[in-house]
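Q: This is a predicted model, with the sequence first.
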Amino acid sequence: MGPLQIKELLQQTPDGQSVTLKGWVRTKRESKNAIFIALNDGSTIHNIQAVAAPGQFSAELLLTVTTGSCLKITGQLVESQGSGQAVEVKIDDLHVYGVADPEAYPLQPKRHSLEFLREIAHLRPRTNTFSAILRIRHTLAFAVHKYYNDRGFFYLHTPIITASDAEGAGEMFRVTTLDLEKLPRTEEGAINFKEDFFGREANLTVSGQLEGELGAMALSKIYTFGPTFRAENSNTTRHLAEFWMIEPEMAFFELEDNMDLAEDFIKYVIGYALEHCKDDLAFLENRLAEEDKNKPQNERSIPLLEKLKFVVENAFERLTYTEAIDILLKSKPHKEKKFQFPVGWGIDLSSEHERYLVEKHFKKPVILTNYPREIKSFYMKLDDDGKTVRAMDVLFPGIGEIIGGSQREDNYEKLLERVHEVGIDPETIWWYLETRKFGTAPHSGFGLGFERLVLFVTGMSNIRDVIPFPRYPKSAEF
Ligand code: ATP
Ligand code: MN
């Protein structure tokens with residue numbers, strides 16, 4: 001259905017067969033003997049070269065063939081005369097679907113800064129860099145579904161609008177149909193949410209986990225893969241206000257199983273991209289190498305493919321939070337007071353601490369477990385010592401936390417105690433608590449931030465560049 005994609009045409013054996021090309025002009029070059037048009041339709045990083053003879057088309061028509069214009073070309077697929085490509089198309093007929101005035105079209109064949117491209121997010125998928133990222137993003141998403149489907153997990157659609165604010169994972173976005181100019185009030189003067197659409201306060205979800213657990217308590221192994229919203233008011237290179245999260249949740253999995261799954265899963269999807277995105281990854285690797293040329297030797301990064309293969313082929317380092325604190329206390333930057341934030345048992349590790357462990361000490365991905373209960377969520381299973389919980393964070397070089405997960409507290413009394421401790425009204429999550437009353441079971445799960453994965457695989461450095469239309473403070477254009 002539809003025309004053959006350029007990706008498919010490039011793989012054909014050239015035999016003078018007639019072909020139709022549809023795509024956007026990347027460059028046009030005129031020499032004495034021919035006019036060369038490089039066309040791209042986004043199916044591959046590679047352009048197809050189309051060649052016309054001088055005088056074959058009117059100067060008027062050729063003037064409208066410019067970078068960004070959209071064409072339909074019919075012609076013959078032949079072996080290429082020039083180097084750089086195996087095949088090319090001898091143009092018989094050329095039709096311009098849409099012009100792109102070079103005076104106005106912002107994407108010209110030169111390097112644009114990523115900051116500039118963010119301002120034209122409606123056009124940036126037409127660049128090599130962003131089309132490569134978007135194809136890799138797609139492939140990773142597909143690999144996620146394949147991984148879980150092949151292993152007996154069911155894709156559970158958890159709600160996007162929620163009325164529970166129990167997760168406590170981040171600041172939430174309010175969902176309301178109330179008239180902000182004329183808010184209904186209770187007798188005490190508070191906003192009367194009984195008159196709101198849901199008859200109560202509602203928000204966009206910060207995590208599908210709580211509902212995911214309900215699914216696991218029936219289907220055994222489920223996963224979610226959906227949008228997640230956090231009103232993160234920090235402008236970091238690793239946080240978005242709207243991001244996609246993958247949250248598997250498994251009955252009969254203990255912390256150990258959970259770690260095994262997380263490691264196997266992440267290696268699988270990276271391996272899948274290595275196998276299926278060779279050209280795009282090679283392009284991005286080159287791009288990074290070009291960028292690195294301007295940096296001093298010691299600041300240059302490991303080549304992208306090497307970095308990815310390393311992760312796939314090596315076991316992640318597993319240690320407890322307590323062991324990690326010991327390492328940090330003995331570390332050079334701690335002794336030389338180089339860390340910005342203090343180190344000590346009980347602290348919430350900051351990204352400089354995580355990066356030290358991953359990038360300096362172990363030089364590989366790390367899984368930290370058994371964090372102090374005070375710094376983790378109420379639903380994490382208490383360890384026997386009563387001080388730590390069965391949490392696990394997977395930390396990646398250059399990224400920091402890529403996965404956060406835990407074995408869940410399956411004991412009703414202990415869970416209720418924690419709910420009270422952190423000040424959640426049990427009434428608001430009565431349905432969650434009931435799973436521990438009726439057929440409770442040991443279970444575990446985790447959340448992987450999809451964009452952090454894409455960030456790692458593409459080697460990009462800002463999370464705003466690995467999602468088509470990023471949402472962050474003061475930015476919701478497009
Ligand atoms: P961080 O400490 O980096 O803010 P978190 O502890 O808030 O992460 P979790 O609540 O455990 O993260 O969420 C699970 C995963 O979702 C994280 O490991 C991360 O990969 C991803 N994630 C969390 N917040 C964001 C965000 N604002 N933008 C993109 N990904 C995020
Ligand atoms: Mn956070």
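A: Ah, there it is. Residues are numbered from 1 along each chain as shown. Ligands and ions are numbered 1, 2, ... in the order given.

Q: contacts, neighbours, all on C-alpha from now
A: Fine.

Q: is it fair to say residue 359 lies in a helix?
A: Yes. Assigned with DSSP: H, G, I helix; E, B strand; the rest coil, residue 359 falls within a helix.

Q: mind checking pLDDT for residue 42?
A: The predicted structure scores residue 42 at 98 on the pLDDT scale.

Q: doesn't residue 129 make contact with it?
A: No. In this structure, residue 42 sits apart from residue 129 without contact. The criterion is CA atoms under 8 Å, and the distance is 11.1 Å.

Q: between the two, which one's more packed in?
A: Under the criterion of other CA atoms under 10 Å, the comparison of residue 42 against residue 129 puts residue 42 first, with 22 against 19.

Q: ok, now which ones touch residue 152?
A: Contacts of residue 152 were listed using CA atoms under 8 Å, 6 or more residues apart in numbering, and they are residue 221.

Q: how near is it to ligand 1?
A: Here residue 152 is placed at a distance of 23 Å from ligand 1 (CA to the nearest ligand atom, to the nearest Å).

Q: That residue in helix, strand or coil?
A: Three states are possible here, and by three-state DSSP the one that applies to residue 152 is coil.

Q: For it, give its distance to residue 71.
A: Spatial separation of residue 152 from residue 71 under the definition CA to CA, to the nearest Å is 45 Å.

Q: again, but for residue 362
A: Using CA to CA, which is the criterion applied here, residue 362 is 52 Å from residue 71.

Q: and what of residue 109?
A: If you measure residue 109 against residue 71 using CA to CA, the figure is 17 Å.

Q: residue contacts, residue 88?
A: With CA under 8 Å, 6+ apart as the criterion, the residues that contact residue 88 are 48-51, 77-80.

Q: part of a strand, is it?
A: Yes. Counting by three-state DSSP, residue 88 falls inside a strand.

Q: What helix or strand is residue 28 located in?
A: For residue 28, the element it lies in under DSSP states H and E is strand 18-30.

Q: Next: residue 447.
A: The secondary structure element spanning residue 447 is strand 443-449 (assigned by DSSP H and E).

Q: Stretch 238-251 and ligand 1 in contact?
A: Yes. When contact is scored as CA under 6 Å from any ligand atom, part of stretch 238-251 falls within range of ligand 1: 238-241, 243.

Q: Would you mind putting the residues you listed into CSV with secondary structure and distance to residue 91 alongside?
A: Written out in CSV, the entries for the residues of stretch 238-251 next to ligand 1 read as follows (DSSP: H, G, I helix; E, B strand; the rest coil; distance: CA to CA, whole Å):
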residue, secondary structure, distance to residue 91
238, coil, 46
239, coil, 47
240, coil, 45
241, coil, 47
243, strand, 44
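
Q: on that earlier part again, is there any residue in the strand holding residue 447 that contacts ligand 1?
A: Yes. If you take CA under 6 Å from any ligand atom as the test, strand 443-449 does meet ligand 1, through 447-449.

Q: For the strand holding residue 28, give me every contacting residue.
A: Strand 18-30 is contacted from outside by 3-6, 35-42, 47, 65-77, 89, 109, using CA under 8 Å, 6+ apart.

Q: Just the ones of those in helices?
A: Secondary structure from DSSP state H places residue 6 of these in helices.

Q: Name only those of the contacts of strand 18-30 that count as buried.
A: The neighbour-count test (16 or more other CA atoms under 10 Å) applied to these identifies 5-6, 35-42, 47, 65-77, 89 as buried.

Q: Next, see if the helix or strand of the chain with the lowest mean pLDDT gets close to ligand 1.
A: Taking mean pLDDT, DSSP states H and E as the measure, the helices and strands of the chain show their lowest mean at helix 351-355, namely a mean of 92. No. For a cut-off given as CA under 6 Å from any ligand atom, helix 351-355 has no contacts with ligand 1; the smallest distance is 8.2 Å.
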